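**Q** based on what follows, work out the 3D shape:
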Amino acid sequence: MRTVFKYRLYPTAQQETLLQQTLGCTRMVYNHYLEKRIGLYRATKANFGFIKCLEDLDSYIEAQPFLADVSRSALEQTIRELDGDFKRFFSRPKRGLPKYRSKNAPTAHFTAASGAFGVENDRLVIPEIGSVKLVLHREIPEGYSVRSVTVTRVGSEWYADLFCRCNVQTRAKKDLRAVTVSFSNEHFITLDNGVSVDYPDELICAEKKLSREKRRLSNMEQNSKNRAEQRLVVTKQRRRVEDIRKDFLHKLTKELSDDYNCVTVNREPSSSAPERSLFISYLGYKLEKNGGRLCSPN
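**A** Just a heads-up that it's a prediction; the model follows:
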C-alpha cells in the first residue's frame, strides 16, 4: 500500500532561488519534449516514447548547459511525468493533448527518486540545493520505505511530499460492522442508520470568500500590478479552501474507517463536486489500512 507524508519546507533565500531554478529547468525540459512529441504525433502519428526522450536528454543538456546545474533525477522524473500524461491521452483522446507548463502558474513542482533525497532530523537534503529546514510534525512509521519525493511551490509556500510504500501487514477486524453511505443534496453524506453529516461552516465561508476574491480579480486590468497581487490573494484563499476541505474529509473518513470495516458507498445522485471523489479515495485507503474494504452497491 502506498502512502504520502506531506511536510512544510522553510528554505533560505539562497535555497529558494535554487529551488526556483530547478522548477524552471524541469518546466523547460517538460515543454521541450512536449513540443517534440506533439509535432511528431501530428506529423506521423508516431510516439516519441520515454526511452527515446531519456536518450536525447544528454544532447539537450549539452545544448543548454545550465540544465546540468540541477538534479538530473528531477529532469528524468519530469520526462516520466510527461510520458504518463501522454499515456492518459492515448487511453482517452477526448481529454486532449497535454498542456504546456506556464511560468506564471500558481503552483509548480518537481519530483526525484528517493535515492537523490534524504531526511536527516528536521532537514530535507536535496541534491544541488543543500539541507532545507523541514517541519517534521509526524515521524515516518517503521515499515515504510520512501520511494520518491516531490517538492511543490504553492504561491510563496513550499512543501515536500514523501511517497512511501508500506510493507506492514494490515490488521483485520474480527467483528463485521457494515454501513451504507449515501450522498445527498441536503447533506454531504447520510448513513443508513439515519446519521447525516453536513459541510462545515468554515468551509462554506471560505468558499464564499474565494468567490468574492475571484470576482475582484476578474474586474482588474490585465497585466497590472494590482492584478498580480490579487492573483496571489486568490491562490492563498484557494489553498485555504483545499486545506479545510481535506481536513474535514480526513477526519470524517478516519472516524468511519475506525467504526466500520465494510462501507458501501451509493454514488447517486451523481455530481462533479470534488469532495465526493476525495471522500471515496480517502475512505478506500483508510479501510484498506485497517483491514476493511470499500464496496459498491452492485
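**Q** could you measure from Lys246 over to Leu134?
**A** Distance, Lys246 to Leu134, by C-beta to C-beta, to the nearest Å: 20 Å. To be clear about C-beta, it is placed using only N, CA and C from the backbone, and glycine gets the same treatment.
**Q** neighbour count for those two, which is higher?
**A** Leu134 (21 against 14; other C-beta atoms under 10 Å).
**Q** what residues are bridge-paired with the more buried one?
**A** In this entry, Leu134 is beta-bridged to Leu9, by DSSP bridges.
**Q** show me the contacts for it.
**A** Contact analysis of Leu134 by C-beta atoms under 8 Å, 6 or more residues apart in numbering lists Tyr7, Arg8, Leu9, Tyr10, Val119, Asp122, Arg123, Leu124, Ala160.
**Q** and with 10 Å instead?
**A** By C-beta atoms under 10 Å, 6 or more residues apart in numbering, the contact list for Leu134 reads 7-11, 119-125, 158, 160, 162.
**Q** most neighbours among those residues, which one is it?
**A** Ranking the contacts of Leu134 using other C-beta under 10 Å puts Leu124 first, with 23 neighbours.
**Q** report the secondary structure state of that one.
**A** Three-state assignment for Leu124 (DSSP: H, G, I helix; E, B strand; the rest coil): strand.
**Q** beta partners of it?
**A** Under the criterion used (DSSP bridges), Leu124 bridges to Val119, Val132.
**Q** pLDDT wise, what is Arg27 at?
**A** According to the prediction, Arg27 has pLDDT 96.
**Q** let's verify it: helix, strand, or coil?
**A** Assigned with three-state DSSP, Arg27 falls in the helix class.
**Q** now the phi/psi pair for the nearest residue to it once chain neighbours are set aside, please.
**A** Spatially, and ignoring its direct neighbours in sequence, Arg27 is nearest to Arg101 (4.5 Å; C-beta to C-beta, 6 or more residues apart in numbering). Per-residue torsions, Arg101: phi -80, psi 130 (degrees, to the nearest 10).
**Q** distance of the spatially closest residue to Gln64 that is not a sequence neighbour from Val70?
**A** Spatially, and ignoring its direct neighbours in sequence, Gln64 is nearest to Met28 (7.4 Å; C-beta to C-beta, 6+ apart). In this structure, Met28 and Val70 are 10 Å apart, going by C-beta to C-beta.
**Q** give me the mean pLDDT for the helix or strand hosting Arg227.
**A** According to DSSP states H and E, Arg227 maps onto helix 225-259. The average pLDDT within helix 225-259 is 91.
**Q** now do stretch 60-80: distance to the chain's middle.
**A** Stretch 60-80 has its average C-alpha position 22 Å from the chain's average C-alpha position, going by C-alpha atoms, centre = their mean, to the nearest Å.
**Q** please spell out which residues along it are buried.
**A** In terms of neighbour count (16 or more other C-beta atoms under 10 Å), stretch 60-80 has its buried residues at 60-61, 67, 70-80.
**Q** with stretch 249-260 instead?
**A** Leu249, Leu252, Thr253, Leu256, Ser257, Tyr260.
**Q** same check on stretch 53-60?
**A** Of the residues in stretch 53-60, Cys53, Leu57, Tyr60 count as buried by neighbour count, 16+ other C-beta under 10 Å.
**Q** before we move on, what about stretch 98-113?
**A** Pro98, Arg101, Ala108, His109, Phe110, Thr111, Ala112, Ala113.
**Q** how long is that stretch end to end?
**A** 23 Å (C-alpha to C-alpha, to the nearest Å).
**Q** got it, and stretch 284-295?
**A** Note: stretch 284-295 ends 9 Å apart using C-alpha to C-alpha.
**Q** in it, what counts as buried?
**A** Gly284, Tyr285, Lys286, Leu287, Asn290, Gly292, Leu294.
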